[in-house]
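In: Sharing a model prediction with you, sequence too.
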Amino acid sequence: MHIPPDWGTFALLIVSFLIFWFIFSRVFFRPFLNLLSERERRFKTLSEQTEQLIKEAKATERERERHLAAARHEAQQKRDAVRREAENEAARILEEAKTESRATLERVTAQIESEIKSAQLELEKMSQNLAAQLAEQVLQRPLNGPGHNGGRS
């Protein structure tokens, strides 16, 4: 059995569908699509801002690293300069100590040599006196030779 379509009802359904479509599109679909596009636009903007902030952070990090490297280099140069200055000061002090010790050594050596010569002269005089005394005792008479003072100084 075949039922013929009722074209009036069919047309009424099509018209009511179009009216509801128009109303739903104005009330629900367009605002929802606008909301989605606005959200997408905000996400894109936030993504761009995030990328920009990341680039700025990287640039700032590079700048900080450059400043840190410069500070390290400057500190190394200062440390090297202070070390060189300390080494020079130590070398100067060492050289002064060497010079002073050489002078002291020369002075002490000269003093010792002088004392040795003095002791040698004294020993020579003592040996002459002892020789004269020994000769007088052996000969059992005083010696009265030229250049001799009788065994006495």
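Out: Sure, I can see it. Numbering: from 1, shown residues only.
In: With just CA atoms, put stretch 105-116 into CSV.
Out: As requested, the backbone C-alpha atoms of stretch 105-116 are provided in CSV (Å, rounded to 0.1, in the frame of the first residue of the first chain):
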residue,chain,number,x,y,z
LEU,A,105,128.2,37.3,54.6
GLU,A,106,130.9,39.6,53.1
ARG,A,107,131.0,41.7,56.3
VAL,A,108,131.3,38.5,58.5
THR,A,109,133.9,37.0,56.1
ALA,A,110,136.0,40.2,56.3
GLN,A,111,135.6,40.3,60.1
ILE,A,112,136.6,36.6,60.3
GLU,A,113,139.6,37.1,58.0
SER,A,114,140.6,40.1,60.1
GLU,A,115,140.3,38.1,63.3
ILE,A,116,142.3,35.2,61.7
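In: Nearest the middle, which residue of this protein would you pick?
Out: Gln76 (4.6 Å; CA atoms, centre = their mean).
In: Which neighbouring elements make contact with the helix or strand of the chain with the lowest mean pLDDT?
Out: None of the helices or strands of the chain scores lower by mean pLDDT, DSSP states H and E than helix 7-24, at a mean of 91. On a contact count with 3 or more CB pairs under 8 Å, 6 or more residues apart in numbering; DSSP states H and E, helix 7-24 meets no helix or strand. Using the backbone N, CA and C atoms, a C-beta is placed for each residue, glycine as well.
In: now Pro4, what's its secondary structure?
Out: In three-state terms, and counting by DSSP: H, G, I helix; E, B strand; the rest coil, Pro4 is coil.
In: Phe10 versus that one, what's the distance?
Out: 11 Å (CB to CB, to the nearest Å).
In: circling back to that earlier point, and the helix or strand containing the residue nearest to the centre of the chain with helix 7-24, angle?
Out: Following DSSP states H and E, one finds Gln76 within helix 30-139. The directions of helix 30-139 and helix 7-24 differ by 30 degrees, with axes from the mean of the first three to the mean of the last three CA atoms, to 10 degrees as the criterion.
In: So, low pLDDT: which residues of the protein?
Out: Applying pLDDT under 70 to the chain flags the ranges 1-2, 145-153.
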